[in-house]
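1. Sharing a sequence plus its predicted fold:
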Amino acid sequence: MIKKRITTSLAGLVCAMVFAGHVSASNWQQESGKITHQEQLRGSITPERMWWDLIHYHLNVKVDPETKLFSGKNIMTYKVLAKGERLQIELQAPMKLEKVHQNGKALEVEQDGYSYFITPASKQEIGSEQKITMYFSGQPVTAKNAPWDGGITWKKDSNGLDFIATSNQGIGSSIWWPNKDHPADEPNNGVLISVEVPEHLMDVSNGRLIKVEDNKIDKTKIYHWQVVNPINNYGVNINIGDYVHFGEKYQGEKGQLDMDYYVLRENLAKARKQFKEAKRTIEAFEHWFGPYPFYEDSYKLVEAPYLGMEHQSSVTYGNGYQNGYLGRDRSSTGPGLLFDFIIVHESGHEWFANNITNKDVADMWIHESFTNYSESLFLEYHFTKEQAFEYVRGQRMNIGNQSPIIGEYNANRGGSGDMYDKGGNLLHTIRQVINNDEKWREILRGLGKVFYHQTVTTQDIENYISTQSGIDLSKVFDQYLRDIRIPTFEYFIKDKVMKIRWGNVVKGFDMPLRVTIAGKTQWLAPTATWTTVELEQENPNIAVDANFYISTLSVLGH
């Protein structure tokens with residue numbers, strides 16, 4: 001029996017912000033106002049989450065397109081780390097958690113909003129592995145404008161057949177199945193996803209297809225997909241449609257990678273042409289970031305009835321089989337039309353979001369900034385460095401600088417949508433400061449190796465980059481992640497003397513800057529106070545390197 005706890009707090013809201021040239025699932029916008037009770041439950045590592053570690057999910061779900069009903073069970077395996085009394089899981093209305101069993105016994109469950117607190121059937125011995133089975137059903141929220149406002153997309157293909165998919169990064173995977181809905185803990189041994197659909201349709205989910213069962217009585221088929229690597233919960237997905245399959249092999253850094261493509265029957269010819277981009281993408285990103293992180297689970301590109309999203313080993317695609325972002329260049333510079341934005345961007349998330357995952361959604365810049373930056377790295381690998389740099393600079397027009405990139409911790413609140421384009425320009429600026437492209441590439445590859453299949457904090461990433469570069473970049477991160485001001489390089493020249501300083505900066509900001517003075521490139525070391533630079537000639541021309549994301553102010557002209 002499930003008891004409801006009545007509270008006076010409003011349910012926490014997760015706001016999806018659409019900004020020019022959205023990329024991934026939900027763009028997060030930091031909420032204002034007091035953190036609600038539900039936000040605290042969802043966003044923090046509560047005592048009811050702390051004492052147990054996720055090992056595995058076996059998610060069984062039947063999807064009925066006619067009634068839009070999801071029903072099934074989730075068998076969750078966990079390891080007991082310490083003494084604890086209750087487990088916390090989430091399932092959002094209108095979905096219902098019907099009952100929970102352990103060792104054949106019905107468990108006591110207390111509901112608080114969309115969080116459920118489950119009392120185990122017996123003493124939980126430290127070090128032991130336990131299982132609970134959660135039964136659920138309901139009509140999950142329909143996405144109004146997927147993937148920005150998570151939920152289920154119900155569409156039809158041109159032949160009138162059902163075309164259905166999940167996308168739930170912002171709102172959470174608990175919108176359709178019960179789970180430990182916090183990014184800090186991923187199932188160590190992955191997930192088995194069993195999806196039952198009408199027999200004339202196919203489900204495509206994460207990992208590898210290991211079995212298909214026929215249910216002759218109900219005229220359905222059950223598709224069993226196995227993921228053996230840890231997986232973030234929002235990455236678990238289902239895609240249902242009249243799919244056809246083709247694939248290829250890629251000889252990568254860890255051997256042979258299976259690359260499989262599932263598209264609507266009507267789009268097979270277009271997909272065979274456009275999906276050539278996928279292999280080129282893996283090649284570029286293995287160069288920059290190291291081996292594809294999920295060889296065991298393969299790589300899939302799956303057509304979806306919405307723009308696209310980074311579901312682990314099941315990247316979804318809805319960009320209309322064209323280059324650019326729905327046919328346009330987000331940077332307005334030209335190079336953005338040289339590649340298929342959704343294939344490149346969402347595949348980049350396999351390294352940042354899926355391999356390296358934020359522990360708290362406040363740090364989602366780790367997902368989006370690096371993946372935004374990966375677009376220019378793709379261009380640099382397959383085209384030219386000049387085009388890559390032009391592209392990342394062009395994205396600055398999308399930056400709002402209205403709120404910080406980092407959100408509020410322990411509240412399920414992300415930072416501003418600037419985590420994409422501003423975050424990409426932050427990384428591009430850091431590359432200039434390091435001033436050693438090979439070292440920069442080693443740092444990017446090192447991130448994937450050191451934090452392989454881990455959840456991380458902003459501090460983890462900051463410390464690693466500073467340590468490996470040999471440069472204290474803490475104030476640079478503070479400026480661009482935690483402040484909305486753009487550093488202003490201020491200078492004035494009189495005769496052969498140049499006065500310089502940084503304006504609009506956090507305390508201690510001292511980022512070096514590359515400039516060209518009278519045709520000669522050199523480095524300056526501005527601080528927040530005026531310093532003097534001796535010049536070789538009077539009133540020379542000054543050009544600041546445009547690859548630094550800053551503004552420039554000539555105080556008195558020159």
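-> In hand now; what should we look at?

2. what pairs with the closest residue to Ile75 other than its chain neighbours across the strands?
-> On the basis of CB to CB, 6 or more residues apart in numbering, the spatially nearest residue to Ile75 that is not a chain neighbour turns out to be His58, at 4.2 Å. Bear in mind the C-beta positions are built from the backbone N, C-alpha and C, glycine included. Residues found in beta-bridge contact with His58 (criterion: DSSP bridges) are Ile75, Leu192.

3. How much space separates His58 from Thr133?
-> 9 Å (CB to CB, to the nearest Å).

4. shared neighbours of the two, which are they?
-> Taking CB atoms under 8 Å, 6 or more residues apart in numbering as the contact rule, the neighbours common to His58 and Thr133 are Asn74, Ile75.

5. what sits up against stretch 278-286?
-> Outside stretch 278-286, the residues within contact range by CB under 8 Å, 6+ apart are 248, 250, 252-253, 257, 259, 261, 292, 299, 301, 343-344, 347-348, 350-351, 374, 377-378, 381-382.

6. Let's see which of those end up in helices.
-> Using DSSP state H to define helices, the subset of the contacts of stretch 278-286 located there is Ile343, Val344, Ser347, Gly348, Ser374, Leu377, Phe378, Tyr381, His382.

7. Of those residues, which is the nearest to Ser115?
-> Nearest to Ser115 out of these is Gly348 (CB to CB; 32.7 Å).

8. list the contacts for the closest residue to that closest one other than its chain neighbours?
-> Nearest-residue entry for Gly348: Ser374, 3.6 Å, with adjacent residues in sequence omitted and distances by CB to CB, 6+ apart. Ser374 makes contact with Phe285, Trp288, Phe289, Val344, His345, Gly348, Trp351, Phe352, according to CB under 8 Å, 6+ apart.

9. Identify, from those, the entry nearest to Met397.
-> His345 (17.7 Å).

10. Ser122: neighbour count?
-> Neighbour count for Ser122, taken as other CB atoms under 10 Å: 9.

11. That one in helix, strand or coil?
-> With DSSP: H, G, I helix; E, B strand; the rest coil as the basis, Ser122 sits in coil.

12. distance of the residue nearest to it when sequence neighbours are not counted from Ser474?
-> If the residues on either side of it in the chain are set aside, Ser122 comes closest to Asn103, at 6.7 Å by CB to CB, 6+ apart. From Asn103 over to Ser474 the distance is 50 Å, taken as CB to CB.

13. cool, Met134 as well?
-> For Met134, the distance to Ser474 (CB to CB) stands at 43 Å.

14. Of those two, which one has the most company?
-> Neighbours per residue (other CB under 10 Å) separate Met134 from Ser474, with Met134 holding more: 25 against 15.

15. tell me the contacts of Tyr243?
-> If you count contacts by CB under 8 Å, 6+ apart, Tyr243 has them with Met202, Val204, Tyr262, Val263, Leu264, Arg265, Val302, Glu303.

16. can you tell me which of those lies nearest to Gly235?
-> Proximity of the contacts of Tyr243 to Gly235, judged by CB to CB, is greatest for Val302, which lies at 12.6 Å.

17. Give me the neighbour count for the residue nearest to Ile75.
-> For His58, the neighbour count with other CB under 10 Å is 18.

18. gap between it and Gly72?
-> Using CB to CB, one gets 10 Å for the distance from His58 to Gly72.

19. Any stretches of the stretch 151-300 of the chain with poor pLDDT?
-> Counting by pLDDT under 70, the stretch 151-300 of the chain contains no low-confidence residues.

20. residue ranges for the strands of it, please.
-> Along the stretch 151-300 of the chain, the segments classed as strands by DSSP state E, counting those that start in this stretch run 151-156, 162-167, 191-198, 202-205, 208-215, 220-227, 238-241, 243-252, 255-264, 299-303.

21. Just put the ones you listed in CSV and tack on distance to Gly127.
-> As requested, those are arranged in CSV below (distance: least, CB to CB, whole Å):
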stretch, distance to Gly127
strand 151-156, 39
strand 162-167, 35
strand 191-198, 23
strand 202-205, 32
strand 208-215, 30
strand 220-227, 25
strand 238-241, 34
strand 243-252, 38
strand 255-264, 35
strand 299-303, 36
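
22. and the end-to-end length of stretch 148-159?
-> 27 Å (CA to CA, to the nearest Å).

23. now it, how far from the centre of its chain.
-> Here stretch 148-159 is found 21 Å from its chain centre; the criterion is CA atoms, centre = their mean, to the nearest Å.

24. Give the buried residues for it.
-> Neighbour-count burial for stretch 148-159, counted by 16 or more other CB atoms under 10 Å, picks out Trp148, Asp149, Gly150, Gly151, Ile152, Thr153, Asp157.

25. again, but for stretch 324-339
-> Neighbour-count burial for stretch 324-339, with 16+ other CB under 10 Å as criterion, is recorded at Gly324, Tyr325, Asp329, Arg330, Ser331, Thr333, Pro335, Gly336, Leu337, Leu338, Phe339.

26. Can you name the residues in contact with that stretch?
-> Counting by CB under 8 Å, 6+ apart, 20-21, 23, 277, 307, 319-320, 323, 340-342, 375, 378-379, 382-383, 387-388, 390-395, 397-398 sit against stretch 324-339.

27. Could you do stretch 455-463 as well?
-> With CB under 8 Å, 6+ apart as the contact definition, stretch 455-463 has outside contacts at 183-186, 356-360, 363, 365-366, 406, 447, 451, 473-474, 477, 481.

28. The same query, at a cut-off of 7 Å, please.
-> Contacts of stretch 455-463 from elsewhere in the structure, counted by CB atoms under 7 Å, 6 or more residues apart in numbering, are 183-184, 186, 356-359, 363, 366, 406, 451, 473-474, 477, 481.

29. Just the CA atoms of it, as PDB, please.
-> Taking C-alpha atoms only, stretch 455-463 is exported to PDB below (Å, rounded to 0.1, in the frame of the first residue of the first chain):
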ATOM      1  CA  THR A 455      30.000  11.400 -12.600                       C
ATOM      2  CA  VAL A 456      31.900  14.600 -11.800                       C
ATOM      3  CA  THR A 457      31.700  18.100 -10.400                       C
ATOM      4  CA  THR A 458      32.800  21.400 -11.900                       C
ATOM      5  CA  GLN A 459      35.700  21.400  -9.500                       C
ATOM      6  CA  ASP A 460      36.900  18.100 -10.800                       C
ATOM      7  CA  ILE A 461      37.100  19.500 -14.400                       C
ATOM      8  CA  GLU A 462      38.600  22.800 -13.300                       C
ATOM      9  CA  ASN A 463      41.300  21.200 -11.300                       C
END
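
30. avg pLDDT for it?
-> Predicted confidence along stretch 455-463 averages 98 (mean pLDDT).

31. Any stretches of this structure with poor pLDDT?
-> 1-32, 556-558.

32. quick revisit: which ones among the buried residues of stretch 324-339 lie within strands?
-> Members of the buried residues of stretch 324-339 lying in strands (criterion: DSSP state E): none.

33. from those residues, which is closest to Gly190?
-> Phe339 (30.6 Å).

34. ok, now how distant is that closest one from Met397?
-> As defined by CB to CB, Phe339 lies at a distance of 19 Å from Met397.
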